[in-house]
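Peer 1: any chance you could fold what I've pasted below:
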Amino acid sequence: MRQLQVAVLGGVTLLALLGLGGLAALVAFFQQGADPASIFRGHQLLLPAAEQARWVGVQNTGRQPDPVEQEEILSAYWLAWQAFDRALQTGNAEDLPTYWTGSALEQVRAAVEAGPRLEQQHSGHQLRVRFFSQDGRVMALEDQGFVLRQTLDGQVVELRAAATVVFTQDNGFWRVRLLSLRYE
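Peer 2: Numbers count the residues shown, from 1 in each chain. You can find the predicted model right below:
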């Protein structure tokens, strides 16, 4: 009988220790906070090849963007165009708000909704910073002489264009807020 009492007491003690250990692990888990990288929700830094898009200068009325900021904006601009190209081809505009906002988002959504499904490729973006805000949350740039190649029903059309672009940083992402295209 004494052995049974010792065995039961030992088992209860073991369960209590395991329970406390599990509770401590749970408390520790919730005290860690969020992983700082999780704010980017999978947003990737994708830098295009130099012939696809590159910085050609800074003629800036604000502060100078550092190299990391330039890479982030170049990547965001490239990904914005990639999302637009996919939307034109598939008719699915669901991904556009990741890279576009404000009137620029309305503009690209309208083009996707109004137009026929076509394949579009873009290249030759030559970017020049025109303004970068002191707080690093707004940038205006000129995109000079890029090429849009559109294919519809086997017919290929190449358009040369320039653009004035305004980016804003929203929820940790750089997004195109304003896009003014000029065809050459």
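Peer 1: ok, residues contacting stretch 49-63?
Peer 2: With contact meaning CB atoms under 8 Å, 6 or more residues apart in numbering, stretch 49-63 is reached by 64-65, 70, 74, 77-78, 122-134, 136, 144, 146. (Glycine included, C-beta is placed from N, CA and C.)
Peer 1: ok, 6 Å please
Peer 2: Q70, W78, S123, H125, Q126, L127, R128, V129, F131, F132, S133, Q134 (CB atoms under 6 Å, 6 or more residues apart in numbering).
Peer 1: tell me the mean pLDDT over stretch 102-117?
Peer 2: Stretch 102-117 shows a mean pLDDT of 94.
Peer 1: please identify the buried residues of it?
Peer 2: Going by neighbour count (16 or more other CB atoms under 10 Å), the buried part of stretch 102-117 is A104, L105, Q107, V108, R109, V112.
Peer 1: any idea how far the fifth one is from D170?
Peer 2: So that's R109. R109 sits 17 Å away from D170, taking CB to CB, to the nearest Å as the criterion.
Peer 1: how about the first one?
Peer 2: From A104 over to D170 the distance is 12 Å, taken as CB to CB.
Peer 1: that older thread, go through the contacts of stretch 49-63 and flag which are in helices.
Peer 2: The helices, defined by DSSP state H, take in Q70, W78 from the contacts of stretch 49-63.
Peer 1: now restrict the contacts of stretch 49-63 to buried residues only.
Peer 2: Neighbour-count burial (16+ other CB under 10 Å) applied to these gives Q70, W78, H125, L127, V129, F132.
Peer 1: kindly report the domain assignment for this protein.
Peer 2: Domain ranges of the chain: 2-33, 48-183, per automatic domain parsing.
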